[in-house]
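S.K.: Model the following, please.
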Amino acid sequence: MVVREAGLLFRGFTLVKKSYHKSTKGKIDTDLRSGLLTAILNFAQSTFSKDLVEYFEGKKFLIAFTEDEINSEDSFEPELLISYVILDKEKKIEKYIRKIIQPLLKQMSKEFKSINTKKNLSEVSQFKDFKLNLDKIFGTDTETVDQKLKRIF
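M.R.: Next up, the predicted model:
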């Protein structure tokens with residue numbers, strides 16, 4: 001299982017994302033993609049149930065996510081914070097997502113909130129350093145089999 005990308009979404013925009021391996025052909029507008037992903041997640045949550053949808057599956061990849069809330073400087077109420085990862089699709093993935101990926105996503109959200117609660121979240125350049133946290137959180141899950149073998153030998 002390879003984590004291709006990890007990130008955090010807030011108000012339909014990407015606060016921070018780290019791409020480990022290419023998962024798209026060509027250039028995709030990050031804001032459009034973030035807005036679409038947020039809209040799809042909100043639709044799924046309101047249509048089915050808040051805790052029923054854990055991931056979306058495509059032909060080659062899947063997107064797993066968790067939802068949390070964060071207080072920003074310009075809001076009195078906590079707002080939705082979405083943690084997500086894009087993974088290679090494999091058979092029997094459900095257990096891996098539930099036991100490994102979901103706890104990592106929750107950890108990512110928790111660490112981000114501990115640093116950034118009550119801050120102005122609209123200036124995304126301030127979150128660049130958080131990419132190092134993503135590297136630590138996902139560790140070797142971001143490496144392909146070839147990369148892991150090269151590191152060992």
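S.K.: and the helix or strand that contains Thr66, what other elements does it pack with?
M.R.: Per DSSP states H and E: Thr66 is located in strand 61-70. In this structure, strand 61-70 makes packing contacts with helix 30-47, strand 55-57, strand 79-88, helix 102-116, judged by 3 or more C-beta pairs under 8 Å, 6 or more residues apart in numbering; DSSP states H and E. For glycine as for every other residue, the C-beta is placed from the backbone atoms N, C-alpha and C.
S.K.: Out of those, which gets nearest to Ser19?
M.R.: With C-beta to C-beta as the criterion, Ser19 lies closest to strand 79-88 of the helices and strands packed on strand 61-70, at 8.7 Å.
S.K.: Now do that closest one, average pLDDT.
M.R.: Strand 79-88 shows a mean pLDDT of 94 in the predicted model.
S.K.: so of the helices and strands packed on strand 61-70, which one's packed in deepest?
M.R.: Each of the helices and strands packed on strand 61-70 was scored by mean neighbour count; the highest is strand 79-88, a mean of 21, by mean count of other C-beta atoms under 10 Å.
S.K.: and it, which strands flank it?
M.R.: Using DSSP bridges, strand 79-88 pairs in its sheet with strand 3-10 (antiparallel), strand 61-70 (antiparallel).
S.K.: Would you mind pulling the contact partners of the next helix or strand after it?
M.R.: Later in the chain than strand 79-88, the nearest helix or strand by DSSP H and E is helix 94-96. Taking contacts as C-beta atoms under 8 Å, 6 or more residues apart in numbering, the residues outside helix 94-96 that touch it are 1, 90.
S.K.: at 6 Å instead, please
M.R.: Helix 94-96 is contacted by residues Met1 when judged by C-beta atoms under 6 Å, 6 or more residues apart in numbering.
S.K.: Much appreciated, bye for now.
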